[in-house]
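Participant: Provided below for reference: sequence and predicted model.
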Amino acid sequence: MFKKNPFSYLILSILFDAIGMLSYLIPFFGEFSDFIWAPVSGWIMSKMYSSKQGKMAAVSQTIEELIPGLDVIPTFTLMWIYTFVLKKDD
């Protein structure tokens, strides 16, 4: 779905993590919005990172968004770091 340009992936990852943290701006409604954002963000994660690790990150992203208080974890950015910095090419 997305072209594998590390810089554009980083920008998108930061953007999607920021969207996930927006729920802190509006007290009650914000946590309700996580029920909508959680499956959407999981789907986006699975499309951005289509590897086995990406699928696991998508599940983690969905669960993390559904649990109140865990929105501060930058899952998209952590997956970017894993994919473009830590992962060794085969």
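Facilitator: Cool, got the structure.
Participant: listing request: residues of the chain with sub-threshold pLDDT.
Facilitator: Low-confidence segments of the chain, defined by pLDDT under 70: 1-3, 88-90.
Participant: for it, longest helix please?
Facilitator: Ordering each helix of the chain by length in residues (DSSP state H) puts helix 27-48 first.
Participant: check which helices and strands that one is in contact with.
Facilitator: Helix 27-48 sits against helix 6-21, helix 52-66, helix 75-81, with contacts defined as 3 or more CB pairs under 8 Å, 6 or more residues apart in numbering; DSSP states H and E. C-beta coordinates here come from the backbone N, C-alpha and C atoms, glycine included.
Participant: as JSON lines, those with distance to residue 27 would be great.
Facilitator: Compiled in JSON lines, the helices and strands packed on helix 27-48 are given as follows (distance: least, CB to CB, whole Å):
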{"stretch": "helix 6-21", "distance to residue 27": "14"}
{"stretch": "helix 52-66", "distance to residue 27": "17"}
{"stretch": "helix 75-81", "distance to residue 27": "23"}
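Participant: from the ones you listed, which stretch is densest packed?
Facilitator: helix 75-81 (a mean of 20; mean count of other CB atoms under 10 Å).
Participant: would you put the C-alpha positions of that helix in PDB?
Facilitator: Output of helix 75-81 as PDB, limited to C-alpha atoms (Å, rounded to 0.1, in the frame of the first residue of the first chain):
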ATOM      1  CA  THR A  75       3.800   1.700  18.600                       C
ATOM      2  CA  PHE A  76       4.000   3.000  15.000                       C
ATOM      3  CA  THR A  77       7.300   4.700  15.700                       C
ATOM      4  CA  LEU A  78       8.700   1.600  17.600                       C
ATOM      5  CA  MET A  79       7.800  -0.500  14.600                       C
ATOM      6  CA  TRP A  80       9.600   2.000  12.300                       C
ATOM      7  CA  ILE A  81      12.700   1.700  14.500                       C
END
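Participant: show me what that helix is packed up against.
Facilitator: Using 3+ CB pairs under 8 Å, 6+ apart, helix 75-81 is in contact with helix 6-21, helix 27-48, helix 52-66.
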